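>>> This is a predicted model, with the sequence first.
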Amino acid sequence: MGNFIVSARKYRPSTFKTIVGQDSITTTLKNAVKSNQVAQAFLFCGPRGVGKTTCARVLAKTINCQALTEEGEACNQCESCRSFNQSASFNFFELDAASNSGVDDMRNLVEQVRILPQGATYKVYIIDEVHMLSSAAFNAFLKTLEEPPPYVKFILATTEKHKIIPTILSRCQIFDFKRITTNDIVHHLEYVAHEEGVTFEKAAFEIIAQKADGSLRDALSIFDQAVNFSNGNISYDTIIENLNIIDFKYFFKMIKALNDGDLADVLIQFNDIIKKGFDGLRFIESISEHIRNLMICKLGVNDLLETGDNISLQYIEQAKQVETSVLLEYLDIFNRCSTTYKSSNNKRLHVELALMMCVKKKIKASNPTKELKTNNTFQTTENKPLKTEIPPLTTNESKTSFKRTVKQEVTPIQTTNIKSLLEKEKQPTNTESTENKDNKDTTHEINYEVNEPKVEEAEENCVCITQDPIELITENWKTYVENATPNSYAARMLLNNQPPVIKEDKLYFEVANSIAEKEIKNVMPALLRIISTETDINFTYSIAINSEIKTHTTIIDPDEKFKKMAESNNNLFTLKQNLNLNIF
């Protein structure tokens, strides 16, 4: 039995043309070789498995090729190319910076650079994972990298460009390798499968490409594993089983059930996924990615899909059936579920509650007036209107609109309808008419009391003032203060101990010091809003500091404090007795 060579090595590209998914970089390098404008140092950076080292090896072979093709590719026939392919070239050196990271290793490299190439134009040094070099090694290598001999080329490769010092970066031509797309990986897997005589389903290769996450080397490793598992017949079902991946069909069914508001079907689908051995967190991550793909199709930017053509069509069809706002609600719910998943005790129930919330959101989005019929099992208050910051008063007076009137002449518009109404009820005497005329300019308010009005228009136009605003504020002052100061005990005491003097539309306060002034100012906006709501008058306020006001400080011992607290809550006595507590 011969030695097995993994597909990633067996089908490693040997020319620029066969490098997968890096067309812009390979075109630039080929043109540089053809025009004989190859830089002295290159830096290839990017994620794993995208072809950095492979491209460096191809470039090293190409610049020493003795019979370049018209396209700028190596011929693979000359002596230099053959020796390179057989790993017998004396002009090619590949170093691993992880195991040669010290300053002494770089000094040895500098010494070797002085030796001329043997039977070739250039000596090429490839330093892989160059970010692993120490700071001293970088500094020892810096001068040689900046001014190397004309026959030396350096190619540095790394996955973490940010760890390389700027002085090295400024001396290299930098090429950023991109992640290989799903379609490019699928095409390359099809080529390898044809070469190996493996039967396959394209949908299976699409799953492999997504699992590889842009790395061709990872995709080829999964391919070798799948060939052994399926005995040379790679199907979608075998890949799903081998890679332990949740089938896409479950997510399409799940979104359909959520969109239909079928909670029972949603829970059944989730139960099937749990039975196959998948945990809730993987389900949340997978369905979130599925919803993300639906959102991309909904927005019409299908190029952002990292799936094969076959699955992309299914995404496009389902995206037409779901509203954008609903998808955003789903993403928000699953994102919060993922955040709190690890801290949950019952993880399965945690995910099921998220699915229930998704069903409820869909029903509310489709029919806002319809509530989910679940016997109040999981009614929430998310979509209920927020309560006002200041709770309304519950007194009977608060339900009446009050208007304060000042001394002024009553206009005919205010009295015409009421007078006509009174004339129908009772004809006034001459004396009464004279008295009403005299009182027109002298009274602060004119209140007409009608017991049984017979005209509907009179009921609409009559503004019944039941109580003066100043009297209303005075009577309900403590209630207003309590509602305005839920979190400020000091301000509540100050306002209750020193009620204001009300003149016209202004409240006048006198306090003993600036501290009291500050406490009252902090709560005045809320207090004025309450007063304005109850009286329909926009009051202002003024605070004056009067040092003659005496402040009384009372020291209360714990027993007195407990008795005071127990007056408002009798359960404190029971609590003290049951727990056998002492007051210190």
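Received it, and whenever you're ready, just let me know what you need. Numbers count the residues shown, from 1 in each chain.
>>> contacts, neighbours, all on C-alpha from now
Noted.
>>> quick one: low-confidence ranges for the stretch 1-150 of the chain?
For the stretch 1-150 of the chain, the stretches flagged by pLDDT under 70 are 1-2.
>>> For it, just list every one of the helices.
All helices of the stretch 1-150 of the chain, identified by DSSP state H, counting those that start in this stretch, fall at 7-10, 23-34, 52-63, 79-85, 103-113, 135-146.
>>> Between those, which one is closest to Leu313.
Nearest to Leu313, of all the helices of the stretch 1-150 of the chain, is helix 23-34, at 27.0 Å by CA to CA.
>>> so what secondary structure elements neighbour that closest one?
Secondary-structure packing of helix 23-34 (3 or more CA pairs under 8 Å, 6 or more residues apart in numbering; DSSP states H and E): helix 52-63.
>>> what do you get if the cut-off is 10 Å, keeping everything else the same?
Packing partners of helix 23-34 (3 or more CA pairs under 10 Å, 6 or more residues apart in numbering; DSSP states H and E): helix 52-63, strand 173-176.
>>> Would you mind getting the angle between it and helix 52-63?
Here helix 23-34 runs at an angle of 20 degrees relative to helix 52-63 (axes from the mean of the first three to the mean of the last three CA atoms, to 10 degrees).
>>> which outside residues touch helix 23-34?
With CA atoms under 10 Å, 6 or more residues apart in numbering as the test, helix 23-34 has contacts from 15-20, 35-39, 44, 55, 58-59, 62-64, 68-74, 175-178.
>>> And the strands in this structure?
41-45, 92-96, 123-128, 152-158, 173-176, 199-200, 233-234, 501-503, 506-511, 540-545 (DSSP state E).
>>> one step back: could the helices and strands packed on helix 23-34 go into CSV alongside mean neighbour count and distance to Ser344?
Shown next, in CSV, are these (neighbours: other CA atoms under 10 Å; distance: least, CA to CA, whole Å):
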stretch, mean neighbour count, distance to Ser344
helix 52-63, 24, 43
strand 173-176, 16, 42
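>>> Columns distance to Lys163 on top of the ones you listed, output as CSV?
As requested, the helices and strands packed on helix 23-34 are exported to CSV (distance: least, CA to CA, whole Å):
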stretch, distance to Lys163
helix 52-63, 17
strand 173-176, 14
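>>> Ok, which of the helices of the stretch 1-150 of the chain comes nearest Glu329?
Closest among those, using CA to CA: helix 23-34, at 39.9 Å.
>>> What is the burial count for Thr474?
Neighbour count for Thr474, taken as other CA atoms under 10 Å: 14.
>>> brain fart, Glu560
Neighbour tally, Glu560, other CA under 10 Å: 11.
>>> Find me the pLDDT at it, would you?
Glu560 carries a pLDDT value of 72.
>>> can you check Glu329 too?
For Glu329, the model assigns a pLDDT of 89.
>>> is it true that it touches Leu355?
No. When contacts are counted by CA atoms under 10 Å, Glu329 is not listed as touching Leu355 (11.5 Å).
>>> of these two, who's got more company?
A side-by-side neighbour count of Glu329 and Leu355, using other CA under 10 Å, places Leu355 first with 22 against 16.
>>> surely that one meets Asn271?
No. Between Leu355 and Asn271 there is no contact under CA under 10 Å: 12.0 Å.
>>> Need the residues touching each of Glu329 and Leu355.
Common neighbours of Glu329 and Leu355 (CA under 10 Å, 6+ apart) are Lys361.
>>> what comes up buried for stretch 521-528?
521, 523-524, 526-528 (16 or more other CA atoms under 10 Å).
>>> Among the residues you listed, which one sits closest to Thr238?
Proximity of the buried residues of stretch 521-528 to Thr238 (CA to CA) peaks at Ala526, which lies at 67.3 Å.
>>> What residues does the nearest residue to the closest one once chain neighbours are set aside make contact with?
Leaving aside its chain neighbours, Ala526 sits nearest to Ala484 (5.4 Å; criterion: CA to CA, 6 or more residues apart in numbering). Counting by CA under 10 Å, 6+ apart, Ala484 makes contact with 389-391, 478, 491-492, 523-531.
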